[in-house]
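Engineer: Build me a model from this:
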Amino acid sequence: MGGRVSLAPGDLAARARDEGTPLTWVPGAVVHARSEGDALQTLAVAREWRVPVTPWGAGTSLEGAALPVPGAISLDLGGLDAVGEPDPVGFTVTVGPGVRRVHLNRRLRPHGLFFPVDPGADASLGGMAATNASGTTTVRYGGMRENVAALRVALTDGRVLRLGTQARKSSSGYALKGLFIGSEGTLGVITALTLRLHPLPPATASVQLAFGDVEGAVATSVTLRGLGLTPERLEFVDAATVAAVNRHRARRDPEAPTLWAEV
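Structural biologist: Purely as a prediction, here's the structure:
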């Protein structure tokens, strides 16, 4: 792994914080993995020397999930960025954990497909699975747990687990895939993901709905679902948040409970 281990202050500082928490935890070293073998070798060294390892994707987390224990190894998986050929029959694609969400959807667009989970940041797919990311599209498509068909996970003891299946229906074995999705890297390192894809909508339209109170906004969203009208996106924003965005972005949206919807 020559040249893939960095002690440079800039590399350490770049992985000492995410986009949300003000806390800063500086790792002792950064390992730039380029393959599953690199990840396994890093875990083997860490096991021998009893050094904690924290996987790193894009650092877009808001909750501190990617922050290392001070002095530990930050395992950067950005180099595992291969994108397989999309399966237009099974509606799946296999990617490395370092692939970014926006890049994947650019690759899928010519095939008339897209990956729907949108946490509002250009996050890595491995990080999204590790944190069970969701977003404005969850009302229609669900979060990562519903959209990851299969995983490869490297364990600290050197084993590699193959979890899940591309089949739509399977009742065989323990449902361990769902255990690793959302575990924030504490159970193993995701080295590959098979994702469920969806047809790209031919057209979309968005609407901003302001209400006199929160109850009206909630009742409207429930009514939409009750009528069988499931929007592509649905997000509720309270009046205080709208006011803050107006100040920050110099907008003039009505400062009232608001539903943003896309159909």
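Engineer: The closest residue to residue 133 other than its chain neighbours: neighbouring residues, count only.
Structural biologist: In space, and not counting its chain neighbours, residue 133 is closest to residue 119: 4.3 Å by C-beta to C-beta, 6 or more residues apart in numbering. The C-beta positions use only the backbone N, C-alpha and C, and glycine is treated the same way. When neighbours are defined as other C-beta atoms under 10 Å, residue 119 has 21 of them.
Engineer: Buried residues in stretch 204-221, which are they?
Structural biologist: 209-211, 217, 220-221 (16 or more other C-beta atoms under 10 Å).
Engineer: Please disregard the earlier target; I meant stretch 188-208.
Structural biologist: 188-197.
Engineer: How far away from the center of its chain is stretch 123-135?
Structural biologist: Distance of stretch 123-135 from the chain centroid (C-alpha atoms, centre = their mean, to the nearest Å) equals 1 Å.
Engineer: Just list the residues touching residue 162, thanks.
Structural biologist: 150-152 (C-beta atoms under 8 Å, 6 or more residues apart in numbering).
Engineer: What is the nearest of these to residue 76?
Structural biologist: residue 152 (17.7 Å; C-beta to C-beta).
Engineer: three-state assignment of that closest one?
Structural biologist: Of the three states, residue 152 takes strand under DSSP: H, G, I helix; E, B strand; the rest coil.
Engineer: so how far is the first residue of stretch 69-81 from its last?
Structural biologist: Taking C-alpha to C-alpha, to the nearest Å, stretch 69-81 runs 25 Å from one end to the other.
Engineer: in it, what's buried?
Structural biologist: Result for stretch 69-81 [16+ other C-beta under 10 Å]: buried residues 72-78, 80-81.
Engineer: what does stretch 14-27 give?
Structural biologist: 14-18, 25-27.
Engineer: Any chance of TSV for the residues you listed, columns secondary structure, pLDDT and distance to residue 131?
Structural biologist: Converted to TSV, these look like this (DSSP: H, G, I helix; E, B strand; the rest coil; pLDDT from 0 to 100; distance: C-beta to C-beta, whole Å):
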residue	secondary structure	pLDDT	distance to residue 131
14	helix	94	19
15	coil	94	16
16	coil	94	18
17	coil	92	16
18	coil	91	11
25	coil	92	17
26	coil	95	22
27	coil	97	19
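Engineer: And those residues, which is closest to residue 144?
Structural biologist: residue 18 (17.6 Å).
Engineer: I figured the closest one hits residue 62, correct?
Structural biologist: Yes. Contact criterion C-beta atoms under 8 Å: residue 18 and residue 62 qualify, at 6.8 Å.
Engineer: Under the pLDDT cut-off, which ranges of the stretch 151-263 of the chain? List them.
Structural biologist: Within the stretch 151-263 of the chain, the stretches with pLDDT under 70 are 171.
Engineer: Show me the buried residues of stretch 188-208 that map onto strands.
Structural biologist: Within the buried residues of stretch 188-208, residues falling in strands by DSSP state E are 189-196.
Engineer: Now do the SS call for the residue most central in space within the chain.
Structural biologist: What sits nearest the mean C-alpha location of the chain, by C-alpha atoms, centre = their mean, is residue 128, with 1.5 Å. Here residue 128 is recorded as helix under three-state DSSP.
Engineer: For the closest residue to it other than its chain neighbours, grab the count of nearby residues.
Structural biologist: The shortest distance from residue 128 to any non-neighbouring residue, by C-beta to C-beta, 6+ apart, is to residue 144 (5.3 Å). Neighbour count of residue 144, defined by other C-beta under 10 Å: 23.
Engineer: Over to residue 250?
Structural biologist: Neighbour number of residue 250 under other C-beta under 10 Å is 7.
Engineer: so how far is residue 237 from it?
Structural biologist: Residue 250 sits 17 Å away from residue 237 when distances are taken as C-beta to C-beta, to the nearest Å.
Engineer: my hunch is that residue 215 is in a strand, does that hold up?
Structural biologist: No. Assigned with three-state DSSP, residue 215 falls outside any strand and is helix.
Engineer: re earlier: right, and the residue nearest to the centre of the chain touches residue 119 too?
Structural biologist: Yes. In this structure, residue 128 is within contact of residue 119 by C-beta under 8 Å, at 6.5 Å.
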